[in-house]
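Asks: got a sequence here, can you model it:
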Amino acid sequence: MTVKRARPGPRAEERRERLISAGYRAMVRSGLEGARTRDIAAEAGITVATLHYYFPTKNDLVRAVLEHTIREQMLAPLRLDADWDDGPAALRTMLTGLSRQAEAEPGRFRLLNEMTWAAREDAELRAMLATWHGAWHETIVEWLRAGQRDGRVRGDIDTDAAATMIVYLVLGMVMRPPLPAGVEEHVSDELHRLLAAFEPKE
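Replies: Next comes the predicted model:
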């Protein structure tokens, strides 16, 4: 049986966005496995049949929620555009902003972690995460190189390797491993000290 797809248009897009938002809330609240399509449809004020018209399988909805989580819930609130041309400033904004988000709303990062594990068995989800992480890594590399060009980031670091370390650092920070009180507050400062260009000796 062929599942009908929703026709493009303003109303279809509004319903699709409503379902994605409802799916995001349900998955943050109940986890990836615990979120049921009938509950998501009810929360969006749409029938289950209509939900499947827009997202034929739950995995289709999960992939849409992943993109929504990253773009709208994590990146948009950071307002990185204001610091984009200032590499070290953008890096600090990202580190401190994501850390605060994880403290205030851990559910979205728990959901992202669940999606990362689910991607092992979902090729499309894995490809989406790989694309996102690749773009994130490339952005950090550019920020580091911008800092090297204006003399604020050490010229002797391997920017690709350093960017990889920063990605892993951020992922560790947002997963909230138990650490001594107050340690996390100084992570951004210490990272900048490690990356900072050496002051010339007099």
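Asks: so who does the most centrally placed residue in the chain touch?
Replies: For the chain, the residue nearest the mean C-alpha position is Ile70 (3.5 Å; Cα atoms, centre = their mean). Contacts for Ile70 (Cβ atoms under 8 Å, 6 or more residues apart in numbering) come out as Leu112, Trp132. From N, CA and C alone the C-beta is placed, and that goes for glycine too.
Asks: can you pull the pLDDT of it?
Replies: pLDDT for Ile70: 90.
Asks: just Glu114 next, same as before
Replies: At Glu114, the pLDDT recorded in the model is 90.
Asks: list the residues that contact it.
Replies: Under the criterion of Cβ under 8 Å, 6+ apart, the contact list for Glu114 reads Met27, Gly31, Leu32, Glu33.
Asks: so what's the last one closest to, chain neighbours aside?
Replies: What that stands for is Glu33. With sequence-adjacent residues excluded and distances taken as Cβ to Cβ, 6 or more residues apart in numbering, Glu33 is closest to Glu114, at 7.9 Å.
Asks: count of neighbours near the closest residue in space to Ala89 that isn't next to it in sequence?
Replies: Excluding the flanking residues, the one nearest Ala89 by Cβ to Cβ, 6+ apart is Asp83, at 4.1 Å. Using other Cβ atoms under 10 Å, Asp83 has 17 other residues around it.
Asks: and what of Glu13?
Replies: 12.
Asks: show me what counts as buried in the host helix or strand of it.
Replies: Element membership for Glu13 (DSSP states H and E) is helix 10-34. Within helix 10-34, the residues that count as buried by 16 or more other Cβ atoms under 10 Å are 15-16, 19-28, 32.
Asks: my read: Ala119 touches Leu129, true?
Replies: Yes - the criterion here is Cβ atoms under 8 Å, and Ala119 meets it with Leu129 at 5.2 Å.
Asks: coming back round to it: what strand or helix carries the residue nearest to Glu33?
Replies: Going by DSSP H and E, Glu114 is part of helix 106-118.
Asks: same for the helix or strand just after that helix, what does it pack against?
Replies: On the C-terminal side of helix 106-118, the nearest following helix or strand under DSSP H and E is helix 123-149. Where contact means 3 or more Cβ pairs under 8 Å, 6 or more residues apart in numbering; DSSP states H and E, helix 123-149 is packed against helix 58-68, helix 87-104, helix 106-118, helix 159-174.
Asks: redo that, cut-off 10 Å
Replies: helix 58-68, helix 87-104, helix 106-118, helix 159-174, helix 187-195 (3 or more Cβ pairs under 10 Å, 6 or more residues apart in numbering; DSSP states H and E).
Asks: any chance of those in a markdown table, with distance to His52 too?
Replies: Output for the helices and strands packed on helix 123-149, formatted as a markdown table (distance: least, Cβ to Cβ, whole Å):
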| stretch | distance to His52 |
| --- | --- |
| helix 58-68 | 9 |
| helix 87-104 | 32 |
| helix 106-118 | 20 |
| helix 159-174 | 33 |
| helix 187-195 | 44 |
